[in-house]
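Enquirer: would you be able to build a 3D model of this:
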Amino acid sequence: MSSGSVTLAKQTTPLDVRWSRALPAQTLPVRLSVTRDRAGRYFLSLLVEEVIASLPSAFLPGSQEPKAVGLDLGIASLVTLDGGTKLEHPRLLRRYAERLAKAQRELHRKVRGSKNREKARRQIARLYALIGDVRRDMLDQLTTRLVRENQVLVVEDLSIATLLRPARGKGRRRKAKLNQAIIDAGWGELLRQLRYKCEWYGRTLVVVDRFFPSTRRCSACHVKGPKLDLSVREWPCAECGVVHDRDVNAAVNLRDEGMRLYWVVAATLPPGRKAPTVIKASELEECLLAA
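Expert: A predicted model of the protein is given here:
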């Protein structure tokens, strides 16, 4: 970060600012806004117009086949790639659990409406802000690398709101821990970043239907097996005998299904025209009409 100063309207003393990035050359700000979060931090946001250059197309070596990757989002591993690479879940809430618990106890001891209670509340807000900053930075680096290295990225159409529904009756504690792990993983933020970065850099994001049996289907012979509990991490195919890693198998199936959808849309495009930024299985007819 570089430091500098900004003088706002009706102010005589300039504000000291730490810039997170340099403004685009020869670009004038369209709008400027100042915000403050619950941790008491002030942010100066500048809206500018910028044209982002697309990245060169990524093809497989020696062919015109676009380089594709299947991404399986999970709890044991945050993201599993179809090549077998697994990116570990950061589990930031667990990492900072002790500090958060101590801060919550301090808040509980303070008198309501007192200055000490406000200080304790702000301390908790700072911890959550730190966790959010670390998570966003990690996801930003991950999504940028994936978009730079691949032309087509395939994910599953996850209904995160449905997954976070609380359980009733037996198994409530287990479901509560599962919900916390999903929130801590930041799946929604990861998918949001993939979508806008694919639009920026000329990549294609394929969203496979959520009912596609990516976990249960054998990626070798395509036979669909029985439902699997979350605790089952490896399973053998009853038809061909291949033993699959649950997450890697799902990523391979997502990549194959995503490329099938990609070529269905690409076949309708005129020569030289790129595929749309987002191809969603549930909206495939609209994608074909738009093409």
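
Enquirer: could you give the number of residues near residue 253?
Expert: Close neighbours of residue 253, defined as other CB atoms under 10 Å, add up to 26. C-beta: built from backbone N, CA, C; applies to glycine.

Enquirer: likewise for residue 214?
Expert: So residue 214, with other CB under 10 Å, has 24 neighbours.

Enquirer: is it true that it touches residue 256?
Expert: No: using CB atoms under 8 Å, residue 214 is not in contact with residue 256; the gap is 9.4 Å.

Enquirer: need the residues touching each of the two.
Expert: By CB atoms under 8 Å, 6 or more residues apart in numbering, residue 214 and residue 256 have no common neighbours.

Enquirer: how about the helices in the stretch 1-150 of the chain?
Expert: 92-95, 97-109, 115-149 (DSSP state H, counting those that start in this stretch).

Enquirer: quick one: mean pLDDT over the shortest one.
Expert: In this case it means helix 92-95. For helix 92-95, mean pLDDT rounds to 92.

Enquirer: may I see the buried residues of that helix?
Expert: Buried positions in helix 92-95, judged by neighbour count with 16 or more other CB atoms under 10 Å: residue 92.

Enquirer: run through the neighbouring helices and strands of that helix.
Expert: helix 115-149, helix 172-185 (3 or more CB pairs under 8 Å, 6 or more residues apart in numbering; DSSP states H and E).

Enquirer: and the longest one, how far out from the chain middle?
Expert: Relative to its chain's centre, helix 115-149 lies at 14 Å (CA atoms, centre = their mean, to the nearest Å).

Enquirer: next secondary structure element downstream of it?
Expert: Sequence order places strand 152-156 as the next helix or strand after helix 115-149, per DSSP states H and E.

Enquirer: sheet partners, orientation included, of that following strand?
Expert: Strand pairing for strand 152-156, using DSSP bridges, gives strand 68-73 (parallel), strand 204-208 (parallel).

Enquirer: tell me what angle the shortest one forms with helix 115-149.
Expert: Pointing back at strand 204-208 there. 110 degrees (axes from the mean of the first three to the mean of the last three CA atoms, to 10 degrees).
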